[in-house]
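Trainee: need a structure here:
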Amino acid sequence: MKRIVLIVVLLLTNIVFSQKNRKENDVETFIIKDSLELSNSKKVTNHYNVRKERKLGVNAVLGGESIIASVSIDYFVTSTLNIGIGFGLIGGYVGAKYHFRGNIDDLKWTPYIGVSGIRVAGIMGGDSKSGVYFPAGIQYIGNKGFSFSIEAAALSIINRDDEPPIWGAIKTGYRFKP
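Mentor: Numbers count the residues shown, from 1 in each chain. Presented below is the predicted three-dimensional model:
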């Protein structure tokens, strides 16, 4: 879990500090300069909510609900509520996610929490198992449709004691305009 949190923090830090025209090791100048550029610009926002405009998404998933790898389709019912279904190498799932601040225009990154019901196929002659997956993560959606998310999750498979209690996923995909 500590490794996943560290990876998320490092990714977010890289995004924040990878802006152009930044003086090396001068964070205050960077923040002040960006604030002044925003306050002096005539067009601060374009009132474009990618979750409202690009509701349908197709994703490739490493880890996640089906344990190893999967593909998924999801849809934003509202700009904060996302439902999805996916099938992977050893299982399938259906679930929903709530995106905090997803209703804010021009916001590309949103944190989320969710719940998914999962079904994992039996391996090496074993029985199939059902379970629950509780993700918490952050998602990026660009204006042109590219999406990326990383999450950590609590995983519980019924009648199975050897699964890891903490799991996670890295997802990348494309969002379509309906």
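Trainee: name the SS class of Arg51, please.
Mentor: helix (DSSP: H, G, I helix; E, B strand; the rest coil).
Trainee: give me the element the residue nearest to it when sequence neighbours are not counted is part of.
Mentor: Spatial nearest neighbour of Arg51, excluding adjacent residues (C-beta to C-beta, 6 or more residues apart in numbering): Ser79 at 4.1 Å. In short, each C-beta sits where N, CA and C put it, glycine included. Secondary structure assignment for Ser79, by DSSP states H and E: no helix or strand.
Trainee: now swap in the one 5 residues further on and tell me
Mentor: Assessed by DSSP H and E, Gly84 sits inside strand 81-88.
Trainee: now do the buried residues in that strand.
Mentor: Residues of strand 81-88 classed as buried: Asn82, Gly84, Gly86, Gly88 (neighbour count, 16 or more other C-beta atoms under 10 Å).
Trainee: which strands and helices sit next to that strand?
Mentor: If you count contacts as 3 or more C-beta pairs under 8 Å, 6 or more residues apart in numbering; DSSP states H and E, strand 81-88 packs onto strand 56-63, strand 69-76, strand 91-99, strand 109-120.
Trainee: quick one, that strand and strand 91-99 angle?
Mentor: 160 degrees (axes from the mean of the first three to the mean of the last three C-alpha atoms, to 10 degrees).
Trainee: distance between the ends of stretch 70-85?
Mentor: End-to-end distance for stretch 70-85, by C-alpha to C-alpha, to the nearest Å: 10 Å.
Trainee: equivalent analysis for stretch 62-74, please.
Mentor: Stretch 62-74: ends 16 Å apart by C-alpha to C-alpha.
Trainee: what does it contact?
Mentor: 56-61, 82-93, 95, 116, 118, 120, 133, 135, 151, 153, 167-171, 173 (C-beta atoms under 8 Å, 6 or more residues apart in numbering).
Trainee: kindly supply the PyMOL command isolating those of these that are buried.
Mentor: This is how PyMOL selects the buried members of the contacts of stretch 62-74, with burial counted by 16+ other C-beta under 10 Å:
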select buried, resi 57+59+61+82+84+86+88+90+91+92+93+95+116+118+120+133+135+151+153+167+168+169+171+173
